[in-house]
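> model this:
(chains A, B, C and D)
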Protein chains: 4
Amino acid sequence: MKPVCLVMGAGAGIGGNVARRFAREGYHAVLCRRSDQDGMNRLVSLIEADGGTASGYLLNAIEEGSIESRVDAVETDIGPVEVAVYNLGAQIGNRALEDTSHKAFEMGWRLATFGLFRFAQAVCPLMAGRGHGNLLVTSATAAMRGNPGQHSHAAAMGGRRLLCQTLNAEYGPKGIHVAHLVVDGAVDAPDTLGKMLGPERYQEMRESRGDGLMRPDKIADTFWHIAQQHRSVWTHELDLRPFSDSPWWND
Amino acid sequence: MKPVCLVMGAGAGIGGNVARRFAREGYHAVLCRRSDQDGMNRLVSLIEADGGTASGYLLNAIEEGSIESRVDAVETDIGPVEVAVYNLGAQIGNRALEDTSHKAFEMGWRLATFGLFRFAQAVCPLMAGRGHGNLLVTSATAAMRGNPGQHSHAAAMGGRRLLCQTLNAEYGPKGIHVAHLVVDGAVDAPDTLGKMLGPERYQEMRESRGDGLMRPDKIADTFWHIAQQHRSVWTHELDLRPFSDSPWWND
Amino acid sequence: MKPVCLVMGAGAGIGGNVARRFAREGYHAVLCRRSDQDGMNRLVSLIEADGGTASGYLLNAIEEGSIESRVDAVETDIGPVEVAVYNLGAQIGNRALEDTSHKAFEMGWRLATFGLFRFAQAVCPLMAGRGHGNLLVTSATAAMRGNPGQHSHAAAMGGRRLLCQTLNAEYGPKGIHVAHLVVDGAVDAPDTLGKMLGPERYQEMRESRGDGLMRPDKIADTFWHIAQQHRSVWTHELDLRPFSDSPWWND
Amino acid sequence: MKPVCLVMGAGAGIGGNVARRFAREGYHAVLCRRSDQDGMNRLVSLIEADGGTASGYLLNAIEEGSIESRVDAVETDIGPVEVAVYNLGAQIGNRALEDTSHKAFEMGWRLATFGLFRFAQAVCPLMAGRGHGNLLVTSATAAMRGNPGQHSHAAAMGGRRLLCQTLNAEYGPKGIHVAHLVVDGAVDAPDTLGKMLGPERYQEMRESRGDGLMRPDKIADTFWHIAQQHRSVWTHELDLRPFSDSPWWND
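From the prediction side, this is the model:
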């Protein structure tokens, strides 16, 4: 039975590429995303064309029990989750304090913080029972500092980061590798950046920025490496950005 | 008309002492706390005995509209809020991930993060309209790093800290001083530490720890100083701890 | 006998204003600076005109034994140093790596890091013998993150910050308050900003920036507050910046 | 011609293992260390036994020109340095402030900060001329916070960390990948831990700690990964520690 790599938030960017990478290395990839059955089917087919195996499920992470029942079903029907990837973002663009509704503020927390808590609660005890496992969490610079207009996002991601530290402190000694990976740059992802810009401007940006746009298949290489680290030398936190960008702490 | 210092979370510890200090300096203190009308009345009497003025209201910060309507009523009936203090904590003690209920996790967020967001949304635009004001936020080391068992608290306070940064970035240029004060030590507060330990052990600890226990009236001195800083030299973030304690980052 | 406030780096900016503030509160101010006897005399006269007392000494902090012998002489001839202020900067402007000489790199360290170490070694044990004292260290955002061209400065100030943490960890329990104050903005100081810009452009900037230029007399208020904090509630680290500036961590 | 991996500080721990790993991947390893010609020869033999190539040089990094002339000679005689590893530490154990000599304080800086500056000055411009290269810097938690007794070490490593940030900010856009790797735990290294403990206690610790002791060959895997990251997704800073240890920021 193959070990399972379960990805929450598996679109055509980081999530899908991480799934694909682990599938290529012998994992069964389980893809979860909120919508776009066709996009998910394409991703499963892509993985199968690589010689791998994958399953896909539409899942609304906000919905009560959605994450928990999916984890249960995967563990029962497919196999033990060896690598759990939480790749749900909660960026809603910049909104002034007065324009940030209660709902928008809460939604950020539900997706970025509470969803991770529920995911961890579902997978970590199972992994601890087996004595090993990985929880890899995609994050953003909003987890490191709050910029104007980022009330919902920064509060949610700041919470995510410290939640990862509590999980690491509690589950590290039980053999679970928890990692918080800060993606500090624009990712070359058709489902997010592509949809935001529209096809023409997206293509233009890809050409003008070149390697200044983060390649999600290359981000997946680092997710893979982190999950492979020997348990005597685990990384809990790292940053990722294009060579041509200034880090968030520079002017 | 006196300027108003409005304190959310005004018990006998930091909140009450901050209120008392501002009242002594000529502010009208407005005390809000969830329960204990008698304790609140005592605090109002204490302030009046000092020659100051104060009002007290029981308020459940979790309840929809509670913070907002109190701010409105204060602005209408008493006067403009010049200093707004958010002193609601969300520490529930250490609980393993599996023992942290959804409700406990959410409650941490509602009190520590969302409540501050709502408070800021109620007071900051009013202050911005006047071109000045202070939002002072009591915080904890759980806002800086996550320890085992602190899932709810660290996620909530980590969110609080970055929310303070967004508020500062957005409202600083409008003349609002937002400050995040990290209290890194045990506070000599009868309502919290006292209740936790019981009267005898509390008294023992006060005697054995001496100045190793943080005096809330002295913490109030720093809240007062921060609110008095000239706007060319504002502090956004500082830590406070007893001389005898190691900071959280030391071994 | 008055307690002494000894300031290393006492020009017309932060250092001189801190000295003046402490002198107004009853301290004897001891001013040390590398050059400009006239400027120093003017500062002493200013303090005396306020009704205070002060002494001034030219001192090259780089020179072996210079700091140590001055501390000794002050303790012997004037009185116990209750507040020691290290206000020597090491900013040399931006220089590319290839344009940063060994000498410039080392000079940054000698002024910003080693000088503080020597100063601490001279005053902390004396203060510890008395059971109280303050070591207040002016710092900069270069202590928090390295920008391009800041090789010498950032390496020196990054070292300074962590040295302050070691001093705090070691001397806090002995009653010495060590504080690291990050000045994140342009200070309205004739000796530094004024000389850099020339009189006309300096005056223009003062007028256009207004409270966006940090007033050194107001910075001195915070130095004073920090030195007055009760030992149960000490601040080790804080930031200071104009209301209108973005903190270093924002975009 | 093979690309060169040049390691400053190549003992039997991290440095030697990194050299060996890169040699296995097709690099020519250049080992530099201060003393122990025999140990160095053994390491070269080990690499050759793996089928790799290596050269070794004794080098006193403190000595003027030593690093610079070695870089020049390697570039001229062996080949372009593609990966430069700075693995010189400056830990001298805990010493109270009064017991830390000027010499010890300066030595920390010369090894940990100034040596890296000189190394960077020697290799970065050459790499920038070629448009690619890696500067990998081993670091320690002393770069993140200062503990009691760590005056020399923390000041030196705090400087090192911010120097890495300046180098990254300046040379990243020129194609040079600068990474700061914080090793937060005891490394299973015969040349350092082994010598400190003596053979018997070292063997005991290896048995009792197991994977709680960081395996340097596994640390080398992460150095290798970092040097292989695509330039659109570079990591500048990460931490490494055993699964069973608490991070430095936890209690």
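> distance of the residue minimising distance to the centre of chain A from A:Cys164?
Using C-alpha atoms, centre = their mean, the residue of chain A that lies closest to the mean C-alpha position is A:Asn87, 1.6 Å off. According to C-beta to C-beta, to the nearest Å, A:Asn87 and A:Cys164 sit 13 Å apart. For glycine as for every other residue, the C-beta is placed from the backbone atoms N, C-alpha and C.
> hey, where'd the strands end up in the stretch 51-200 of chain A?
Ranges of strands in the stretch 51-200 of chain A, per DSSP state E, counting those that start in this stretch, are A:53-58, A:81-86, A:133-140, A:176-183.
> The second one versus strand A:133-140: what angle between them?
Strand A:81-86 and strand A:133-140 meet at an angle of 10 degrees, taking axes from the mean of the first three to the mean of the last three C-alpha atoms, to 10 degrees as the criterion.
> Assign the residue nearest to A:Arg21 when sequence neighbours are not counted to helix, strand or coil.
Nearest residue to A:Arg21, sequence neighbours excluded (C-beta to C-beta, 6 or more residues apart in numbering or on different chains): A:Ala220, at 4.0 Å. Classification of A:Ala220 using DSSP: H, G, I helix; E, B strand; the rest coil returns helix.
> right, and A:Ala220 touches A:Ile14 too?
Yes. A:Ala220 lies in contact with A:Ile14 (C-beta atoms under 8 Å); the separation is 7.1 Å.
> So for those two, which sits in the more crowded spot?
Each of A:Ala220 and A:Ile14 has its neighbours counted (other C-beta atoms under 10 Å in any protein chain shown); A:Ile14 has more, 27 against 23.
> residues touching that one, list them.
By C-beta atoms under 8 Å, 6 or more residues apart in numbering or on different chains, A:Ile14 lies in contact with A:87, A:138, A:183, A:187, A:189, A:216, A:219-220, A:223.
> at 6 Å what do you get?
When contacts are counted by C-beta atoms under 6 Å, 6 or more residues apart in numbering or on different chains, A:Ile14 touches A:87, A:138, A:216, A:219.
> For the second one, report the pLDDT, please.
Spelled out, it's A:Thr138. With respect to pLDDT, A:Thr138 scores 98.
> Ok, the first one next?
Here the pLDDT value assigned to A:Asn87 is 98.
> Backbone dihedrals for the spatially closest residue to it that is not a sequence neighbour, both of them.
Spatial nearest neighbour of A:Asn87, excluding adjacent residues (C-beta to C-beta, 6+ apart): A:Gly9 at 3.6 Å. Dihedral pair for A:Gly9: phi 100, psi 60, per degrees, to the nearest 10.
> Verify the contact between the residue nearest to the centre of chain A and A:Thr138 for me.
Yes. The criterion here is C-beta atoms under 6 Å, and A:Asn87 meets it with A:Thr138 at 4.5 Å.
> Show me what from the stretch 151-251 of chain A comes close to chain D.
Along the stretch 151-251 of chain A, the residues adjacent to chain D under the rule C-beta under 6 Å from any C-beta of the partner chain are A:169, A:172-173, A:211, A:214-215, A:218-219, A:225, A:230-240, A:242-244, A:250.
> Tell me who's in contact with A:Trp234.
A:177, D:243.
> can you rerun that using 7 Å?
Under the criterion of C-beta atoms under 7 Å, 6 or more residues apart in numbering or on different chains, the neighbours of A:Trp234 are A:177, D:240-241, D:243.
> picking up where we left off before, helices - which of the residues of the stretch 151-251 of chain A next to chain D land there?
A:169, A:218-219, A:225 (DSSP state H).
> Let me have these in a markdown table, extended by neighbour count and pLDDT.
Shown next, in a markdown table, are these (neighbours: other C-beta atoms under 10 Å in any protein chain shown; pLDDT from 0 to 100):
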| residue | neighbour count | pLDDT |
| --- | --- | --- |
| A:Ala169 | 23 | 98 |
| A:Lys218 | 20 | 98 |
| A:Ile219 | 27 | 98 |
| A:His225 | 19 | 98 |
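> what about whatever residue of the stretch 1-150 of chain A ends up closest to chain D, distance to C:Gln203?
Chain D sits closest to A:His132 of the stretch 1-150 of chain A, with a gap of 9.4 Å, by C-beta to the nearest C-beta. A:His132 sits 67 Å away from C:Gln203, taking C-beta to C-beta as the criterion.
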